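Trainee: When you get a sec, could you give me coordinates for this:
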Amino acid sequence: MSKADEAAPAYDYIIVGAGSAGCVLAARLTEDEDCRVLLLEAGPADKSWQIHMPMGIGSLLSSDRFNWAYVSDPEPHLDNRRLTHPRGRVLGGSSSINGMVYIRGHANDYDLWGQTVGGGWSYADVLPYFRRAESYGRGADDWHGGDGPLHVSSPDISRSPLCTAFVEAGLQAGYPYTPDFNGAQQEGFGPVDRTTRDGKRWSAARGYLGQAKGRPNLTIETGALVHRVLLEGTRATGVVCSVRGAKQTFLANKEVILSGGAINTPQILHLSGIGDADYLRSVGIEPAHHLPGVGENLNDHPDIVIQHRCKLPVTLYPVTRGPRKWLTGIQWFLSSSGDAATNHFEAGAFIRSRAGIEHPDLQLTLMSLAVIPGTADTVPEHAYQVHIDLMRPKSLGYVRARSADPTQPPAICFNYLADARDREDLRQSVKLVREILAQPAFDSYRGEELFPGPQVQSDDEIDEWLKKAIETCYHPVGTCKMGASTDPLSVVDSELRVHGLTGLRVVDASIMPSIVSGNTNAPTIMIAEKASDMIRGQAMPRMEEAPVWLHPHWQQAQR
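Mentor: Numbering: from 1, shown residues only. The predicted structure is shown next:
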C-alpha cells in the first residue's frame, strides 16, 4: 500500500452505484451505528421535477441528464440496428428514470434459482424480502408488506375506457382475471402495480436514502466515477475514482460492493483487471484475476408493440400537446394529481404463448397512447398500443470494456433473436395479441392497425418485421451470474461474493442466474434486501405458506 493510499479515507463498506440496489444497501447497512459506509454515484442528486412527475418518463429516457444513454453495438440479428439502452445515472439509478412498474416475476423463477444455485434463493426464501421492502397501498397480506420503505400503489383502471376494454377483451378471449400480478396468481389480465405515492414517483432513493441520508455513518458522493477496484493480491481493498473531476482513492476495511447494474458492474470489473484474461489484454487492460464469465450471459426482455388508431377521443394524445399539456403540468405542480400523476402503464396481462408452458412467458401492457417506434415522440393522433415482452428469451449477449479508459462506454450486444425459439415465441405473441385486440370490447375504439400494419400477416412477414421492430424493455440482467465456481459463466457465489477474491461482492441485477418473468426493478430491490442480511450475517425465515396458482390444464391448454 502506498503512502497516498494510507492517507486515503477508509470506510467499512464502499458501495459503487446509488441505484436501486445501492440505495437499499446504504440504508440497511447503516442501521448499525458502528458501520461506516461510503456510497458513490456517478450522477447527480435526484432533485428534478422530471424525476418525481410520473408522466415525465419520456423526457428522462430521451435525455442524457440523468441517463447513461448507452447505445448497443450493431445487433447482428436485427439488420445491424443499434439500439439505445437508457440506464439511470442519478441517485436512485434506474428507479429514478424507469416506468415505475412494480412486478416481481413468477414464483417459479426463484424456485429455478434455488435449484440451480442453492443458498436460499427459492421463492419461499425471497418472498420475505419482497415483503420487507414494500409498503403496499392495499395493505399487508401473505404476499405483500405494509410498512417497508418502498411504496407500491395499484391503479383504478375503471377510470380509463381503454384499460377497461383491454381487460374485458382478455376475458372475452378466454383468459382469467387477476387482481394482483404479485400475489397468488400472476397469469391473467388486470391492474399493474407501480412505485408511486400520492401522485409522485417513489424511487429507491426516495424510499431508502430518504430514511438514511441524515445518518452520520453514511457518506454519499455524487459525481463520482469509479475507475477501478483496488486489489492487494486476491483481496479488494478500495476503489480509485474521480469525484467531480478530482482523482481520489477510498479504502474499504471490510468490503467493496459493486451495485452498478448489469452494464456498469461488469465494465468496472474489467477495468479492474477482473475478467477473461485474453480479452482484457486485447483491449489494453492488465489482467489481475481470470474470471471469463464477467460480462457474459447478458439477457433482456425484447419489446415489440402493436398500435391502432382509436376511433373515439379517449386516449392521452391531447395531454401531449399544448395547451392541455401545460394545464396537466400545472395541475400536477399544484396538487400532484391528474394525468401527470400516473405512469399510464395501468392495465396489463401475463399469458402463456402455448400449451405445455407452466407459467406465463409473455407480458402485455396497454398504453393509452402510441409512440413512434424507436423514438420518444408520440403518434400525432388518437391511438393506443400494446407492448409485448418475451419473458424468458434464450438469446444471450455480452457487456465488455472497450479499453482501460473508464469514461469510454462499454461494448454492448444483446443478440436479440439469436435463438430461433425467441423468433417463434414472438411470432406467436403477435397472433395472440391481434386476437385479443379483435375482441368485441374494442369494437368502439378499434381503428386501423398502424404497426406493424395489415400488410404483415404471414410468418415470414412477421419475422421480417420483428427484425425492424424489436426494442429493449430496459431489463438487462445476468452479466455477473450467480452460481457455482465450476460454472464457466458464473461470477459470484450464492452469497454474491466474487469467485476467487475476498472483500468484493456484487449486488444488483447482474447476479441473476436467469431472467425473471416480469420487470426487474422489484427483484433488484429484493436482491439487495437479502444481500444486506447476508453481509450482516443474518437471514429472515422462509415463508412457505403463501400459495401460488398455476393453470390446472397448462400442459394441455394455452388458456
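Trainee: Helices of the stretch 101-250 of the chain, start to end?
Mentor: Assigned helices in the stretch 101-250 of the chain, in chain order: 107-116, 123-133, 161-172, 204, 210-212 (criterion: DSSP state H, counting those that start in this stretch).
Trainee: The ones you listed: which one's closest to A557?
Mentor: helix 161-172 (15.4 Å; Cβ to Cβ). Using the backbone N, CA and C atoms, a C-beta is placed for each residue, glycine as well.
Trainee: next one: that closest one to chain centre, how far?
Mentor: From the chain centre to the centre of helix 161-172 is a distance of 26 Å (Cα atoms, centre = their mean, to the nearest Å).
Trainee: Format the CA atom coordinates belonging to that helix as PDB.
Mentor: Coordinates of each C-alpha in helix 161-172 appear next as PDB, following Å, rounded to 0.1, in the frame of the first residue of the first chain:
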ATOM      1  CA  PRO A 161     -62.000   3.400 -21.100                       C
ATOM      2  CA  LEU A 162     -59.100   1.700 -22.900                       C
ATOM      3  CA  CYS A 163     -57.800   0.000 -19.800                       C
ATOM      4  CA  THR A 164     -61.200  -1.300 -19.100                       C
ATOM      5  CA  ALA A 165     -61.600  -2.500 -22.700                       C
ATOM      6  CA  PHE A 166     -58.200  -4.300 -22.600                       C
ATOM      7  CA  VAL A 167     -59.000  -6.300 -19.500                       C
ATOM      8  CA  GLU A 168     -62.500  -7.100 -20.800                       C
ATOM      9  CA  ALA A 169     -61.100  -8.200 -24.200                       C
ATOM     10  CA  GLY A 170     -58.700 -10.600 -22.300                       C
ATOM     11  CA  LEU A 171     -61.700 -12.100 -20.500                       C
ATOM     12  CA  GLN A 172     -63.700 -12.400 -23.800                       C
END
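Trainee: circling back to that earlier point, make TSV out of the helices of the stretch 101-250 of the chain and add mean pLDDT.
Mentor: Shown next, in TSV, are the helices of the stretch 101-250 of the chain (pLDDT from 0 to 100):
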stretch	mean pLDDT
helix 107-116	96
helix 123-133	98
helix 161-172	98
helix 204	98
helix 210-212	95
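Trainee: among those, which is the most enclosed?
Mentor: Per-stretch averages of neighbours, counted by mean count of other Cβ atoms under 10 Å, single out helix 204 among those, with a mean of 33.
Trainee: which residues are in contact with that helix?
Mentor: G19, S20, A21, C23, V24, G92, G93, S95, S96, L150, I525 (Cβ atoms under 8 Å, 6 or more residues apart in numbering).
Trainee: taking those one by one, which sit in strands?
Mentor: Using DSSP state E, the members of the contacts of helix 204 that fall in strands are L150.
Trainee: ok, the contacts of helix 204 vs Q211, which is closest?
Mentor: The nearest one, if we look at these relative to Q211 and count by Cβ to Cβ, is C23, at 9.8 Å.
Trainee: Tell me the spacing between A288 and Y13.
Mentor: A288 sits 21 Å away from Y13, going by Cβ to Cβ, to the nearest Å.
Trainee: Between these two, which has more neighbouring residues?
Mentor: Y13 (22 against 19; other Cβ atoms under 10 Å).
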